[in-house]
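> just a sequence and a predicted model for now, questions to come.
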Amino acid sequence: MSTLEVSEPMALDQSFVGRTYPATEPYEVGREKIREFAEAIGDANPAYTDPEAAASLGHPDVIAPPTFVFAITYKAAGQVVQDPQLALDYSRVVHGDQKFAYSRPVRAGDRLAVTSTVESIKSLAGNDVLTIRGEVHDAAGEHVVTAHTTLVVRAATEEA
Amino acid sequence: MAAEIKYADVEVGTELPEQVFPVTRATLVQYAGASGDFNPIHWNEKFAKEVGLPDVIAHGMFTMAEAIRVVTDWVGDPGAVVEYGVRFTKPVVVPNDDEGATIEVSGKVAAKLDDEARTVRVDLLARSAGQKVLGMSRAVVRLA
């Protein structure tokens, strides 16, 4: 995407810390999408695919593996990552840390909206370190999970 | 279903059953599709090498998904996970052969956090090709 070639180090603007982006349109969690994800990670836990097994654990429908929600929060974080004002060089981004704090597991039937906030911008050894907080709420407005995603923007090297 | 693990029955140092998770190129293609992460470093060897990687590498989120299975298989109910975080320290390199790579994950109870909420902290150790691939890999889990 980027056609800009930036050779001088360009630190991310600290004034973005605390900036919150508009909530995303709800993502509807489907049973078959959960099944597809569980199969992709090779996890046969029946709570992911069998509504009765999920019910026996007290869940109203099949639940999603703990990291399933990342696809939703990371897409939402795109609002930050692609914010032209922040001018982040995506080609230099690597995923540094990931954390989730759950109020309850994501489950089939959920309609999840994500609100992304720039939690912190730090500079470490010449790299920019950006942490984005994605707060996930269901259709009733109840908190489901918060994802903290830390991206490391590697410093530009001698490479053209 | 795995047996319920009772808070009263675990102590600091209690070890969770270790597991070994295989990962091949096919695994990565399947994970790319399921997760929507189509970054070519996870399936295109030429691209991966052009950006300075030794070979195709697994998605960090794939490794994170595998590591927590040591916890969810132990407790039975994946909904018991209250918090989970990792640092991606080294990539899991996946060669283009039938063997692929493996991710070996062990875990142990590092702290009993709250007697009322019955939460414990589990520290996980994930290795591939003899190297630690996740750092600060911790989960908080509610037990029975």
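Structure received. Numbers count the residues shown, from 1 in each chain, chains lettered A, B, ... in the order given.
> and the longest strand along chain A, what's buried?
Secondary structure of chain A read by DSSP state E shows that its longest strand is strand A:111-124. Neighbour-count burial for strand A:111-124, counted by 16 or more other CB atoms under 10 Å in any protein chain shown, picks out A:112, A:113, A:114, A:115, A:116, A:117, A:118, A:121. Where C-beta positions appear, they are placed from N, C-alpha and C, glycine not excepted.
> with stretch A:13-27 instead?
A:16, A:21, A:24, A:27.
> point out where chain B drops to low pLDDT.
B:1-3 (pLDDT under 70).
> and the nearest residue to residue A:77 once chain neighbours are set aside, how many residues sit next to it?
Nearest residue to residue A:77, sequence neighbours excluded (CB to CB, 6 or more residues apart in numbering or on different chains): residue A:132, at 4.7 Å. Residue A:132 is flanked by 23 other residues according to other CB atoms under 10 Å in any protein chain shown.
> what does residue B:51 give?
Residue B:51 - counted by other CB under 10 Å - has 10 other residues nearby.
> for it, what are phi and psi?
phi -100, psi 20 (degrees, to the nearest 10).
> how about residue A:78?
phi -60, psi -30.
> about what we covered before: and the longest strand of chain A, anywhere near chain B?
No. Applying CB under 8 Å from any CB of the partner chain, one finds strand A:111-124 separated from chain B by no less than 12.6 Å.
> centre of the chain to the next helix or strand after that strand, how far?
Per DSSP states H and E, the first helix or strand lying C-terminal to strand A:111-124 is strand A:127-137. In this view, strand A:127-137 has its centroid 8 Å away from the chain centroid, taken as CA atoms, centre = their mean, to the nearest Å.
> give me the angle between strand A:127-137 and strand A:111-124.
Interaxial angle, strand A:127-137 versus strand A:111-124 (axes from the mean of the first three to the mean of the last three CA atoms, to 10 degrees): 160 degrees.
> going along the chain, name the helices of the chain.
You didn't pick a chain, so chain A it is. A:31-40, A:51-56, A:70-81 (DSSP state H).
> to clarify, I was referring to chain B.
According to DSSP H, the helices that chain B contains are B:25-35, B:45-50, B:60-67, B:69-75.
> among those helices, show me which one is buried the most.
Per residue and on average, the most neighbours among the helices of chain B fall to helix B:60-67, with a mean of 25 (mean count of other CB atoms under 10 Å in any protein chain shown).
> what helices or strands is that helix leaning on?
In terms of contacts (3 or more CB pairs under 8 Å, 6 or more residues apart in numbering or on different chains; DSSP states H and E), helix B:60-67 is packed against strand A:93-102, strand B:15-23, helix B:25-35, strand B:81-88, strand B:101-114, strand B:119-128, strand B:134-142.
> how about the CA coordinates for that helix, as CSV?
The C-alpha trace of helix B:60-67 is given here as CSV (Å, rounded to 0.1, in the frame of the first residue of the first chain):
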residue,chain,number,x,y,z
GLY,B,60,2.4,-16.5,16.4
MET,B,61,-1.3,-16.8,17.2
PHE,B,62,-1.2,-20.4,16.1
THR,B,63,1.5,-21.1,18.7
MET,B,64,-0.5,-19.2,21.2
ALA,B,65,-3.6,-21.2,20.4
GLU,B,66,-1.7,-24.5,20.9
ALA,B,67,0.0,-23.5,24.1
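> how about the helices and strands packed on helix B:60-67, which one is nearest residue A:142?
strand A:93-102 (12.1 Å; CB to CB).
> using JSON lines, lay out the helices and strands packed on helix B:60-67 together with distance to residue B:55.
JSON lines is the format used below for those (distance: least, CB to CB, whole Å):
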{"stretch": "strand A:93-102", "distance to residue B:55": "16"}
{"stretch": "strand B:15-23", "distance to residue B:55": "12"}
{"stretch": "helix B:25-35", "distance to residue B:55": "10"}
{"stretch": "strand B:81-88", "distance to residue B:55": "17"}
{"stretch": "strand B:101-114", "distance to residue B:55": "10"}
{"stretch": "strand B:119-128", "distance to residue B:55": "12"}
{"stretch": "strand B:134-142", "distance to residue B:55": "19"}
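> so who does the residue most central in space within chain B touch?
For chain B, residue B:67 is the residue whose C-alpha lies nearest the centre (CA atoms, centre = their mean; 1.6 Å). With contacts defined as CB atoms under 8 Å, 6 or more residues apart in numbering or on different chains, residue B:67 is in contact with B:86, B:103, B:105, B:124, B:126, B:134, B:137.
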